[in-house]
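Peer 1: I would like to see how this sequence folds:
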Amino acid sequence: MDTHQIAITILVDNQAKPGLAPEHGLALWIETEGQHILFDTGQGPALPANAQALGIDLGQTDRLVLSHGHYDHTGGIPHVLSKSLHAHVYCHPGVVQPRYSRRNGTPKAIQMPSPAMTALDHVSDKKMHWTSEALQLSETIGLTGPIPRETSYEDTGGPFFRDRGARTADTIDDDLALWIRTKKGLVVCVGCCHAGLINTLNHACRQSGTSRIHAIIGGLHLLNASPQRLEQTLTALTTFAVEKIIPCHCTGSHATDAMEARLGQRVVRGQSGLTFRF
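Peer 2: Alright, predicted model coming up:
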């Protein structure tokens with residue numbers, strides 16, 4: 001592949017093309033500048049099956065980037081690190097903390113699985129990059145690090161807590177995104193956008209020095225968004241003149257429908273097995 005071309009394949013998503021495994025989670029395989037970057041790993045089972053079916057060798061992973069520490073983005077870590085002994089890992093220190101969601105009054109543990117934490121423990125200090133601030137992976141690829149919460153209408157997208165008793169809210173400060181600068185603007189990869197999609201885009205633009213967003217791919221966590229938040233998000237999106245939006249995972253069907261109604265063919269529904277070239 002031309003080193004100047006960007007190819008992003010959805011390896012894990014809630015939806016999947018025929019012959020691939022769907023899974024509540026996300027993993028993106030990014031090929032650019034001669035590098036192979038795996039952005040998130042899904043829950044675990046779908047990743048190796050889909051990679052094999054798509055002819056993707058996870059042993060070629062040069063960099064593993066974790067968007068945040070929820071189970072549906074980190075469960076495949078042990079498999080990836082067992083395949084690629086040379087991979088460097090990038091994530092915020094908060095990815096390993098206890099986390100819970102609360103549904104109908106019942107707490108559910110949603111933190112990184114123990115085997116994944118153990119696998120990270122065995123990564124050498126040279127290859128383990130705890131990313132508590134913005135980081136440039138190359139001249140054109142960057143990680144946002146923690147994203148400032150600036151908009152009045154965006155929140156984490158759900159009832160998330162640090163403890164089983166739901167006494168301490170989890171603001172998911174470890175949430176980060178990956179951006180790639182192109183001549184047409186940024187390609188922004190997001191895990192769940194717990195920091196808010198517009199907060200994320202604004203922060204990526206500041207860091208990259210680019211005001212245009214060419215494409216967005218990943219989970220946008222709008223499935224619980226109020227009509228007011230959804231409307232304000234869509235209005236803000238139009239100011240970026242985004243050419244392609246690929247909503248995945250936690251975006252929600254209602255929000256995706258609303259995006260299609262507003263933005264038309266610029267919206268392409270994500271599913272495992274799709275590859276996008278920029």
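Peer 1: what about the helix ranked longest in the chain, distance to the chain center?
Peer 2: Longest helix in the chain by number of residues, with DSSP state H as the criterion: helix 227-240. What separates the centre of helix 227-240 from the centre of its chain is 20 Å, taken as Cα atoms, centre = their mean, to the nearest Å.
Peer 1: next SSE downstream of it?
Peer 2: Moving toward the C-terminus from helix 227-240, the next helix or strand (DSSP states H and E) is strand 244-248.
Peer 1: related to what we said a few turns ago, mind giving me the packing neighbours of the longest helix of the chain?
Peer 2: Judged by 3 or more Cβ pairs under 8 Å, 6 or more residues apart in numbering; DSSP states H and E, helix 227-240 is in contact with helix 197-208, helix 253-263. Where C-beta positions appear, they are placed from N, C-alpha and C, glycine not excepted.
Peer 1: now those helices as TSV including mean neighbour count?
Peer 2: As requested, these are exported to TSV (neighbours: other Cβ atoms under 10 Å):
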stretch	mean neighbour count
helix 197-208	22
helix 253-263	16
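Peer 1: what's the closest of those helices to residue 152?
Peer 2: helix 197-208 (10.5 Å; Cβ to Cβ).
Peer 1: now that closest one against strand 244-248, angle please.
Peer 2: Helix 197-208 runs at 130 degrees relative to strand 244-248, counting by axes from the mean of the first three to the mean of the last three Cα atoms, to 10 degrees.
Peer 1: and the angle for helix 197-208 with helix 253-263?
Peer 2: Angle, helix 197-208 to helix 253-263, by the same axes, to 10 degrees: 60 degrees.
Peer 1: on that earlier part again, of the helices and strands packed on helix 227-240, give the one that comes closest to residue 11.
Peer 2: Closest among the helices and strands packed on helix 227-240, using Cβ to Cβ: helix 253-263, at 19.8 Å.
Peer 1: still on that earlier bit, quick check: mean pLDDT of the longest helix of the chain?
Peer 2: For helix 227-240, mean pLDDT rounds to 95.
Peer 1: so where do the helices sit in the stretch 51-200 of the chain?
Peer 2: Along the stretch 51-200 of the chain, counting by DSSP state H, counting those that start in this stretch, helices occupy 71-74, 77-83, 114-121, 197-208.
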